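Trainee: here are the coordinates; sequence isn't available:
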């Protein structure tokens, strides 16, 4: 069994040796469809999975730029599941006959309702259930994974969320890559220089809704004595209740920093024979906030 991708919008009988100009094994048929939104536009980036009557995955993948897919599968009954960011999942059934094409036509996805936003007011980062991590390339070798163990932050949610503001302070000396010698070097004047610049700070008052649960949070990051504009690509996860009944909200966010932008020159490090981390660093935040008491 195998999958084939091709734009196809018609129902037609297919020859078992060459349906739609593609060879199909004996005993197989073709399942096709086009994933569209509410105005019949293609949903780029949609993914689908086809499972058999026993729940076993037969084929999966992504749609083409037109939102279309074609899968060659053994004849039988199947369940089709489709997912795409910002849309409610779709599930449906289809029967594929030997030597035939089961053309589903347009499969319309409905926009998913965004999760409820936190109530206006002051919130603070709950460090026990939050993390600030990073990934950097070890020059010429593997990746380096690390985190900052000590940080604090506050979020002021406005009546109009786009008018909200946040301030996060990170203890630079709390950097932790699980290798003491490397961490001591990263704290030194060669890199973070924590004696001169003990904190990293991020302040933002620009929240832009990108649709669904996606937000862009743009602000000023101060690192190593330099301040640059940085945008976080954020996914808001919603509001929930903790084990002790407390209200909390959560989000994930990522961004990429270039050390040269903050005068931590990797060329200088290389010239001195120091190869600890690469020139770019991916930052990953997993944050939970609780109402400030």
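Mentor: Thanks, I have it. None of the values given here were measured: they were computed from a predicted structure.

Trainee: C-alpha from now on. contacts and neighbour counts both.
Mentor: Will do.

Trainee: So what sits opposite residue 62 in the bridge?
Mentor: Under DSSP bridges, the beta-bridge partners of residue 62 are residue 47.

Trainee: Next, the contact list for it, please.
Mentor: By C-alpha atoms under 8 Å, 6 or more residues apart in numbering, residue 62 lies in contact with 45, 46, 47, 48, 69.

Trainee: quick one: it from residue 84, how far?
Mentor: Noted for residue 62: a distance of 10 Å to residue 84, by C-alpha to C-alpha, to the nearest Å.

Trainee: list residues touching both of those two?
Mentor: 45, 46, 47.

Trainee: residue contacts, residue 235?
Mentor: So residue 235 contacts 213, 214, 215, 251, 252, 253 (C-alpha under 8 Å, 6+ apart).

Trainee: let's see 6 Å
Mentor: Taking C-alpha atoms under 6 Å, 6 or more residues apart in numbering as the criterion, residue 235 is in contact with 213, 214, 251, 252.

Trainee: How about it, nearest residue that isn't a chain neighbour?
Mentor: residue 214 (4.7 Å; C-alpha to C-alpha, 6 or more residues apart in numbering).

Trainee: how much space between the one you found and residue 208?
Mentor: 9 Å.

Trainee: Please say which of the two ends up with more neighbours.
Mentor: Set residue 214 next to residue 208 and count neighbours by other C-alpha atoms under 10 Å: residue 214 wins out with 20 against 15.

Trainee: tell me the pLDDT at the more buried one?
Mentor: Predicted confidence (pLDDT) for residue 214: 86.

Trainee: these two touch, right, residue 50 and residue 80?
Mentor: Yes - taking C-alpha atoms under 6 Å as the definition, residue 50 is a contact partner of residue 80 at 4.8 Å.

Trainee: Poorly predicted segments of the protein, please.
Mentor: 1-22, 137-141, 259-279 (pLDDT under 70).

Trainee: what's the domain layout of it?
Mentor: Split into domains by automatic domain parsing, the chain comes to 19-108, 121-291.

Trainee: could you dump the contacts of residue 235 to TSV with secondary structure?
Mentor: Shown next, in TSV, are these (DSSP: H, G, I helix; E, B strand; the rest coil):
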residue	secondary structure
213	coil
214	strand
251	strand
252	strand
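
Trainee: Tell me the one of those residues nearest residue 175?
Mentor: For the contacts of residue 235, the residue nearest residue 175 by C-alpha to C-alpha is residue 252; the value is 19.8 Å.

Trainee: which ones are touching the closest residue to the closest one other than its chain neighbours?
Mentor: Nearest residue to residue 252, sequence neighbours excluded (C-alpha to C-alpha, 6+ apart): residue 286, at 4.6 Å. Contacts for residue 286 (C-alpha under 6 Å, 6+ apart) come out as 130, 131, 252.

Trainee: Would you tell me what helix or strand residue 286 is located in?
Mentor: Using DSSP states H and E, the element containing residue 286 is strand 280-291.

Trainee: same thing with residue 80?
Mentor: Element membership of residue 80 [criterion: DSSP H and E] is strand 76-83.

Trainee: Report the contact partners of the closest residue in space to residue 153 that isn't next to it in sequence.
Mentor: Nearest residue to residue 153, sequence neighbours excluded (C-alpha to C-alpha, 6+ apart): residue 168, at 4.1 Å. Listed by C-alpha under 6 Å, 6+ apart, the contact partners of residue 168 are 152, 153, 201, 202.

Trainee: out of residue 50 and residue 80, which sits in the busier spot?
Mentor: residue 50 (23 against 18).

Trainee: Tell me the spacing between the more buried one and residue 31.
Mentor: 9 Å.

Trainee: Filter the contacts of residue 286 down to the buried ones.
Mentor: 130, 131, 252 (16 or more other C-alpha atoms under 10 Å).

Trainee: what's the closest of those residues to residue 119?
Mentor: Closest to residue 119 out of the buried ones among the contacts of residue 286 is residue 252 (18.6 Å), distances taken as C-alpha to C-alpha.

Trainee: buried residues in the top helix by length along the chain?
Mentor: Counting residues, the longest helix in the chain under DSSP state H turns out to be helix 180-187. For helix 180-187, burial by neighbour count (16+ other C-alpha under 10 Å) applies to 183, 186, 187.

Trainee: repeat for stretch 284-293
Mentor: Here stretch 284-293 shows 284, 285, 286, 287, 288, 289, 290, 291 as buried, counting by 16+ other C-alpha under 10 Å.

Trainee: what's the answer for stretch 99-113, then?
Mentor: Neighbour counts over stretch 99-113 (16+ other C-alpha under 10 Å) mark 99, 100, 101, 102, 103, 104, 105, 106, 107, 108, 109, 111 as buried.
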